[in-house]
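Engineer: model the structure of this input:
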Amino acid sequence: MPKAEWNGEVIAESSDIQEVEGNIYFPPNSVKSEFLQQSSHSTTCPWKGVASYYNIVVNGKTNESAAWYYPKPLEKAKHIENYVAFWKGVKITQ
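Structural biologist: Below you'll find the predicted structure:
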């Protein structure tokens, strides 16, 4: 089952993932929210829309803006609405 791990903890785990542009997106109910803090960072994708970010906080360490999601995606990306993807050293295994 695909999972996302950082700093010795599993942050997300689900078999109901979506893969978009080489990134694995986890459904919101599979992500352990206790490890996430809202970030002020955002980016814009021309076909997905505005992405919001989370900082990942595990065992006293913070990985700034290391997770992102689309709270109000454009039509072509509706299937990943609120799904969470990771980068910046977060290990994704399948």
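
Engineer: tell me where this protein has strands.
Structural biologist: Per DSSP state E, the chain has strands spanning 3-6, 9-13, 18-20, 23-25, 36-45, 49-58, 61-69, 84-86, 91-93. These are given in chain order.

Engineer: by contact count, what packs against the third one?
Structural biologist: Here strand 18-20 touches strand 23-25, going by 3 or more C-beta pairs under 8 Å, 6 or more residues apart in numbering; DSSP states H and E. (C-beta placed from N, C-alpha, C; glycine too.)

Engineer: same question for the last one.
Structural biologist: Here strand 91-93 is seen to pack against strand 3-6 when contacts are counted using 3+ C-beta pairs under 8 Å, 6+ apart.

Engineer: now do the buried residues in stretch 27-43.
Structural biologist: Of all the residues in stretch 27-43, those buried under the rule 16 or more other C-beta atoms under 10 Å are Pro27, Ser30, Val31, Phe35, Leu36, Ser39.

Engineer: can you give me the end-to-end span of it?
Structural biologist: Using C-alpha to C-alpha, to the nearest Å, the end-to-end distance of stretch 27-43 comes out at 20 Å.
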